[in-house]
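1. the sequence isn't on hand, but the structure is:
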């Protein structure tokens, strides 16, 4: 799933679905973006230099994508952040150390849940660019029958559904806000 989609859905579920609050919604969206930060760094590192050397044609090579996401200096970090093992370990530590007592708005918990949600959704929507879900415990990978981008594996349909759901969610939130402003306050009961 696109990084912005991870952030949007995680924010919407935490803030408006579960009603965990504004801080939790922001933390959840940040956690949902977190696993893709190495890819952004790799893109800046490789694409900038490749574009300066070879122009736009260099942007679509398989070697460039492999370096950005897997084999380059940021690829290993991306694989670690897309593994469920570190984030589940941190959620367990959160519970064992009872960090919820000092995390009043559950900001850290929602960050971790956003990160975990990203990992699970990517596991379910990647076909040929998979990462080991249980690294470093196991190198096992699974190829999903659905891709978030590859048209050979329902990528167009997935894009249409996910973006349609985002538009519906935005429309629902706007209608909810507009209808809330037009309601007249109830007179106090005496």
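-> Sure, I can see it. Computed from a prediction, not measured in an experiment: that's the story for all the values here.
2. and the closest residue to residue 116 other than its chain neighbours, how many neighbours?
-> Distance criterion CB to CB, 6 or more residues apart in numbering; nearest residue to residue 116, sequence neighbours excluded, is residue 87 at 4.8 Å. Glycine gets a C-beta too; all of them are placed from N, C-alpha and C. By the measure other CB atoms under 10 Å, the count of residues near residue 87 is 25.
3. does residue 87 belong to a helix, a strand or coil?
-> Using DSSP: H, G, I helix; E, B strand; the rest coil, the structure places residue 87 in helix.
4. which parts of the chain are helices?
-> Shown for the chain, the helices assigned by DSSP state H span residues 3-11, 22-33, 37-54, 62-66, 75-81, 84-96, 107-125, 155-182.
5. how about stretch 170-184: buried residues?
-> By neighbour count on 16 or more other CB atoms under 10 Å, the buried set for stretch 170-184 is empty.
6. next one: stretch 131-143
-> Within stretch 131-143, the residues scored as buried using 16+ other CB under 10 Å are 131-133, 135.
7. can you put those in TSV and add pLDDT and distance to residue 22?
-> Below are the buried residues of stretch 131-143 laid out as TSV (pLDDT from 0 to 100; distance: CB to CB, whole Å):
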residue	pLDDT	distance to residue 22
131	92	32
132	92	35
133	94	31
135	91	34
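8. could the residues you listed go into a markdown table alongside distance to residue 43?
-> Shown next, in a markdown table, are the buried residues of stretch 131-143 (distance: CB to CB, whole Å):
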| residue | distance to residue 43 |
| --- | --- |
| 131 | 17 |
| 132 | 22 |
| 133 | 23 |
| 135 | 22 |
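9. nearest to residue 24, of the residues you listed?
-> Nearest to residue 24 among the buried residues of stretch 131-143 is residue 133, at 25.6 Å by CB to CB.
10. quick one: the closest residue to residue 153 other than its chain neighbours from residue 89, how far?
-> Excluding its sequence neighbours, the residue lying closest to residue 153 (CB to CB, 6+ apart) is residue 147, at 3.8 Å. For residue 147, the distance to residue 89 (CB to CB, to the nearest Å) stands at 29 Å.
11. so between these two, which is more surrounded?
-> Per other CB under 10 Å, whichever of residue 147 and residue 89 has more neighbours is residue 147, with 20 against 11.
12. would you check that the more buried one makes contact with residue 155?
-> Yes. The pair residue 147 / residue 155 is scored as a contact, 4.8 Å apart, by CB atoms under 8 Å.
13. contact partners for the residue nearest to residue 153?
-> The neighbours of residue 147, taking CB atoms under 8 Å, 6 or more residues apart in numbering as the test, are 125-128, 153-155, 158.
14. nearest to residue 142, out of the helices of the chain?
-> Set against residue 142 and scored by CB to CB, the helices of the chain come closest in helix 107-125, at 6.8 Å.
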